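# please find the sequence and the predicted model below.
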Amino acid sequence: MKPIVVVEPHHRRCYIDGSVMSIESLLTTLNTNQYIISATINATHKLRLIYDFRYIEFEQILAIIVAAGVNYKNGFFQRLKYQLYSDADLQARDNLNITPFCCDKVAIRRENL
């Protein structure tokens with residue numbers, strides 16, 4: 001019997017800066033996207049995203065943010081964090097394609113005992 005795989009959406013955040021109109025336009029654009037479950041902004045201009053990593057990448061979301069005329073923090077540590085987000089999305093997508101194995105089917109080598 002194939003085990004049931006539960007896919008949880010990814011929660012990500014980034015700091016944004018822009019005019020009130022462009023931020024509202026960005027929120028409307030992000031919330032109408034079918035692969036983004038929710039997009040909210042708190043008082044400190046922190047954008048919180050919940051999205052389905054199987055269909056959209058974090059880099060694509062950053063492209064949507066720039067296309068809406070809003071800037072996001074792009075310092076060294078932020079770029080590192082965004083790269084880790086993208087790598088985690090890719091790793092999770094790759095893990096969905098692996099067929100799980102049972103522990104009793106693994107060959108035990110004598111040299112490993």
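Here it is on my side, so go on. Numbers count the residues shown, from 1 in each chain.

# pretty sure E24 sits in a helix.
Yes. Under DSSP: H, G, I helix; E, B strand; the rest coil, E24 falls within a helix.

# pull the residues that contact stretch 29-45.
Here stretch 29-45 makes contact (Cβ atoms under 8 Å, 6 or more residues apart in numbering) with 9, 15-17, 23, 26-27, 47-52, 55-56, 61, 64, 68. Backbone N, C-alpha and C define where each C-beta goes, glycine included.

# and the biggest helix by length in the chain, what's buried?
Using DSSP state H to define each element, the chain has its longest helix at helix 76-96. Buried residues in helix 76-96, counted by 16 or more other Cβ atoms under 10 Å: K81, Y82, Y85, S86, D89.

# follow-up on the earlier one: the contacts of stretch 29-45 in helices, which ones?
Counted as lying in helices by DSSP H, out of the contacts of stretch 29-45, are I23, L26, L27, I61, I64.

# show me what the closest residue to the third one other than its chain neighbours is bridged to.
When you say that, I think you mean L27. Leaving aside its sequence neighbours, L27 sits nearest to A39 (Cβ to Cβ, 6 or more residues apart in numbering; 5.8 Å). Beta-bridge pairing for A39 (DSSP bridges): L49.
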